[in-house]
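# here's a sequence, model it:
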Amino acid sequence: MSSSMNKYILILGMVLLFHAAYSAAQHRSYLRLTEQEFTSLPADIVLQTIFSLLLTVFGVTMIAGEFKEIRSNIDLQKKTWKNLNNRPSFYTFNHRGHIFNPIVLSRSGTGKGALEAN
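Residues are numbered from 1 along each chain as shown. Sure thing, here's the model as predicted:
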């Protein structure tokens, strides 16, 4: 199916799901007005809810695109041993080590280190 058709299916499912929720709320308010006890929702509201939920899930999965493999070895086969230990998210460039380096202290122009200033 085309992408626009899947979007229409998703929108239709969401509208039907909203309508089912509104119908359930209306049914509860009707029971309160007539002072009847709530036992369960009518079958048409339950069926509409299930149908619209399935339609919405179908629309979302069709829009989502291609899924990746769950097995991790598929992605790991493409990587080399050098790339496996490379974790850029663990790189830290803003650390306190520059305070103790005399070369960095002399370039700062202050002439005093952070330890001497205290």
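# which SS class is the residue nearest to residue 10 when sequence neighbours are not counted?
Distances taken as Cβ to Cβ, 6 or more residues apart in numbering put residue 59 closest to residue 10, at 3.0 Å, once the chain neighbours are dropped. (C-beta placed from N, C-alpha, C; glycine too.) Of the three states, residue 59 takes helix according to DSSP: H, G, I helix; E, B strand; the rest coil.
# what's the neighbour count on residue 59?
For residue 59, the neighbour count with other Cβ atoms under 10 Å is 20.
# tell me the mean pLDDT for stretch 35-54?
Mean pLDDT, computed over stretch 35-54, is 94.
# same check, this time on stretch 7-23
pLDDT averaged over stretch 7-23 gives 95.
# give me the helices and strands touching the lengthiest helix in the chain, please.
With residue count as the measure and DSSP state H as the assignment, the chain has helix 3-33 as its longest helix. Counting contacts by 3 or more Cβ pairs under 8 Å, 6 or more residues apart in numbering; DSSP states H and E, helix 3-33 packs against helix 43-64.
# same for the helix it packs on, what does it pack against?
Against helix 43-64 (3+ Cβ pairs under 8 Å, 6+ apart) you get helix 3-33.
# and the angle for the helix it packs on with helix 43-64?
150 degrees (axes from the mean of the first three to the mean of the last three Cα atoms, to 10 degrees).
# and helix 3-33, how far from the chain's centre?
23 Å (Cα atoms, centre = their mean, to the nearest Å).
# same check, this time on stretch 2-21
Counting by Cα atoms, centre = their mean, stretch 2-21 comes out at 20 Å from the chain centroid.
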